[in-house]
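Visitor: what follows is a predicted protein model with its sequence.
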Amino acid sequence: MTLQGAKDVLTVEAEGIAAVRDGLGEEFVQAVDLIMACPTRLVISGIGKSGLVGQKISATLNSTGTPSFFLHPVEAMHGDLGMVSSTDIVLAISYSGETSELNVLLESLKNRAVQIIAMTGNSTSTLAHAAAVTLNVAVPREACPLGLAPTSSTTATLALGDALAVALLRRKQFRAEDFRRNHPGGSLGERLKIAVEEVMLTGDKVPTIQKDAVIEEAITELNTKNIGAVLVVEDDRSRKLSGIITDGDLRRCLLHKRWLQQEMETVATRSAPAKSRGKITAIMTRHPITISKELMAADALSLMQSKDITVLAVVDKNDTVEGILHLHDLLGKGEFRFLI
């Protein structure tokens, strides 16, 4: 009985989605056109179960290229209405179309000349009359045997929200690369499909020093940029890569007292100026492992694993520094581990 009951619920809900699909018409295209023409954001509003569905619809829209946010009708009437501009579009969700809290908000929205798209199961309701476009989400029946708990109706509303998001995605020619850019904290597999260029550090974030610098300068740059390595370049103008110094290089240098020995020899000869003491060329790794920004993040991670390193210099074909890539930027701060 329990298993059959579950199947019956799914059957009723599927019937609800089918009913909304079969009743879909030109108004859906009008809603898409309205949102596409919106220069700012799509505001989703609803209360209770409709509000929860609206929050999910908003999240889906955001991740697929349509900027939106959820506005609670009650909070809106207590100050949050200031988040809505006259150029926004509001998608108002209410199955009955007579939700008092939402209908109070409608008057304020109309006073601001905000256009409204209604998502309701009652095409003759107050909400439907206030809207520029009405999307009908009427279902034959709820899956709840009492006919009270929103079940089929919320499922159909959610499904229509997905249809709206996907239609907008296609109109905007939203690509997989765009989706991954909106999900920097998503699954590792998705993050590794992007190019190195999209996750590398650039500009002032790249720790660099010139090859005639002294070790104290390398330590300062390491502490300032705090990614565990500093790139050594020929000069600031050409930015041609000469080598790399890591935290490990400095620790080994101090452990073996090479720096101290060099200091003592220089002082003993008194033949070199003070700034020449402790040159970084004595401890840097020449010809470090590098990668091109055009390669995939997966290639960078594989290279890091095979060479047992956590930092890669990103250079062009002339060995000019274009950026630096750290393992954290590939895996995410909370997933610092090799997985391939």
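Guide: Received the coordinates, thanks.
Visitor: what's around residue 212, how many residues?
Guide: 14 (other C-beta atoms under 10 Å). No exception for glycine: its C-beta is placed from N, CA and C like everyone else's.
Visitor: and it, how far is that from residue 70?
Guide: Remark: distance between residue 212 and residue 70 (C-beta to C-beta, to the nearest Å) = 57 Å.
Visitor: ok, now residue 225?
Guide: 38 Å.
Visitor: same question, residue 232
Guide: Applying C-beta to C-beta, the value for residue 232 to residue 70 is 50 Å.
Visitor: neighbour count winner among the two?
Guide: residue 232 (24 against 18).
Visitor: return the residues in contact with residue 154.
Guide: Residue 154 makes contacts with 49-50, 52-53, 95, as judged by C-beta atoms under 8 Å, 6 or more residues apart in numbering.
Visitor: so which two of these are the farthest from each other?
Guide: 52 and 95 (12.7 Å; C-beta to C-beta).
Visitor: who's more crowded, those two?
Guide: Remark: of residue 52 and residue 95, residue 95 carries more neighbours, 26 against 16, as counted by other C-beta under 10 Å.
Visitor: could you count how many residues lie near residue 133?
Guide: 22.
Visitor: ok, now the one 3 residues further on?
Guide: The local packing count at residue 136 equals 21, with neighbours defined by other C-beta under 10 Å.
Visitor: quick check: it vs residue 54, distance?
Guide: 17 Å.
Visitor: for the protein, give me the ranges with low pLDDT.
Guide: 1, 176-191, 255-278, 332-340 (pLDDT under 70).
Visitor: how does it divide into domains?
Guide: Listed by automatic domain parsing, the domain ranges of the chain are 2-174, 190-331.
Visitor: return the set of buried residues in the helix or strand hosting residue 305.
Guide: Secondary structure from DSSP states H and E places residue 305 in helix 297-307. Residues of helix 297-307 classed as buried by neighbour count (16 or more other C-beta atoms under 10 Å): 297-298, 300-301, 303-304.
Visitor: and residue 58, how far from residue 41?
Guide: Look at residue 58 and residue 41: by C-beta to C-beta, they are 10 Å apart.
Visitor: meant to ask about residue 313
Guide: Separation of residue 313 from residue 41 (C-beta to C-beta) stands at 40 Å.
Visitor: over to residue 204?
Guide: 32 Å.
Visitor: before we move on, what about residue 114?
Guide: Separation of residue 114 from residue 41 (C-beta to C-beta): 11 Å.
Visitor: same deal with residue 174?
Guide: For residue 174 relative to residue 41 (C-beta to C-beta), the value is 16 Å.
Visitor: please tell me I have it right and residue 151 contacts residue 13.
Guide: Yes: taking contacts as C-beta atoms under 8 Å, residue 151 lies within contact range of residue 13: 6.7 Å.
Visitor: any common contacting residues for those two?
Guide: Counting by C-beta under 8 Å, 6+ apart, the common neighbours of residue 151 and residue 13 are residue 143.
Visitor: ok, residue 145 to residue 153 distance?
Guide: Counting by C-beta to C-beta, the separation of residue 145 from residue 153 is 15 Å.
Visitor: list phi and psi for residue 135.
Guide: phi -100, psi 120 (degrees, to the nearest 10).
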